[in-house]
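K.L.:
Here is a sequence with its predicted model. Questions after.
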Amino acid sequence: MTPIDLYTWKTSNGKKATIMMEECGLDYRIHPIDISTDIQFAEDFLKINPNSKIPAIVDHDGPNGSSFTVIESGAILMYLAEKTGLFLPKEMEKKYEVIQWVMFQMGGVGPIFGQVHHFKRAAKETVPYAINRYYTECRRLYGVLDARLAKREYIANDEVSIADFCTLPWVFRHDWQEVDLTDFSNVNRWYDTMMRRPALSRGMNLPE
């Protein structure tokens, strides 16, 4: 089999893909896309992802044996889960328990935590309204996760899934968000459990 080509960088969304590759034991090649240099807007990368975002993959052994490109980190995790039969249950009810929490991350955790990172760390001017708005929502989302994890070991159910892999890299930046995980004891317990996974730890450190 030809290795999957993974185009990624050291961001929370990028780490989702390397975690999934490592957890699934897939053969893949990393192509670092240093977004600080605007290489994501280069013509060659636009042919892979016209939205100029990482991560993206090209699976040369895709459906029907042909090359298949997947963009958007959540879609990549779902695709690889279906390809390998790992981390996404086949039973419909359990499957959609996972998918709805992937959507929770994609539509809530990622955008809101990302705005907290921007206004607390990158904005050229201090905007108190924006900081308060996004930080308040960030803590609310931590509360949702904490309540969810009070009744189960992992986010979707009692088995680790792509819902955990896509959320962990954002919670990993709790220091950037200025959130103390001890305020959310169930999230803190889950976070420690996840970070002890060897494959996940390898994925979190890529690309080197």
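P.N.:
That came through fine.
K.L.:
Going by C-alpha atoms from here, please, whenever you check contacts or count neighbours.
P.N.:
Will do.
K.L.:
Strands of the chain, start to end?
P.N.:
Per DSSP state E, the chain carries strands over the ranges 4-8, 28-32, 56-59, 68-71.
K.L.:
what residues does the last one touch?
P.N.:
The contact list for strand 68-71 (Cα atoms under 8 Å, 6 or more residues apart in numbering) reads 48-49, 54-62, 76, 79.
K.L.:
now with 7 Å?
P.N.:
Here strand 68-71 makes contact (Cα atoms under 7 Å, 6 or more residues apart in numbering) with 49, 55, 56, 57, 58, 59, 60, 62, 76.
K.L.:
Next, count neighbours for residue 72.
P.N.:
The tally of other residues near residue 72 (other Cα atoms under 10 Å) stands at 18.
K.L.:
from here on, count from 9
P.N.:
With the count now opening at 9, the last piece we talked about shows up as residue 80.
K.L.:
Against residue 136, how distant is it?
P.N.:
Noted for residue 80: a distance of 31 Å to residue 136, by Cα to Cα, to the nearest Å.
K.L.:
From residue 152, how far off is residue 138?
P.N.:
Between residue 138 and residue 152 the distance is 21 Å, computed by Cα to Cα.
K.L.:
An error on my part: the question was meant for residue 198.
P.N.:
As defined by Cα to Cα, residue 198 lies at a distance of 14 Å from residue 152.
K.L.:
Neighbour count for these two, which is higher?
P.N.:
Applying other Cα under 10 Å to residue 198 and residue 152 shows that residue 198 carries more neighbours, namely 20 against 13.
K.L.:
Can you give me the buried ones in the longest helix belonging to the chain?
P.N.:
Using DSSP state H to define each element, the chain has its longest helix at helix 136-157. Neighbour counts over helix 136-157 (16 or more other Cα atoms under 10 Å) mark 139, 142-143, 145-147, 149-151, 153-157 as buried.
K.L.:
Output these as a markdown table; include the columns distance to residue 163.
P.N.:
A markdown table is the format used below for the buried residues of helix 136-157 (distance: Cα to Cα, whole Å):
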| residue | distance to residue 163 |
| --- | --- |
| 139 | 27 |
| 142 | 22 |
| 143 | 22 |
| 145 | 19 |
| 146 | 17 |
| 147 | 17 |
| 149 | 13 |
| 150 | 12 |
| 151 | 13 |
| 153 | 7 |
| 154 | 9 |
| 155 | 10 |
| 156 | 7 |
| 157 | 6 |
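K.L.:
And these, which is closest to residue 18?
P.N.:
Checking the buried residues of helix 136-157 against residue 18 by Cα to Cα gives residue 146 as the nearest, at 21.4 Å.
K.L.:
residue contacts, the closest one?
P.N.:
Residues near residue 146 by Cα under 7 Å, 6+ apart: 120, 121.
K.L.:
if I look at it, how far off is residue 184?
P.N.:
12 Å.
K.L.:
mind listing the helices in this protein by residue range?
P.N.:
Using DSSP H, the helices found in the chain span residues 20-32, 51-54, 81-92, 100-112, 118-125, 136-157, 170-179, 182-185, 193-203, 206-212.
K.L.:
Fine by me, thanks again.
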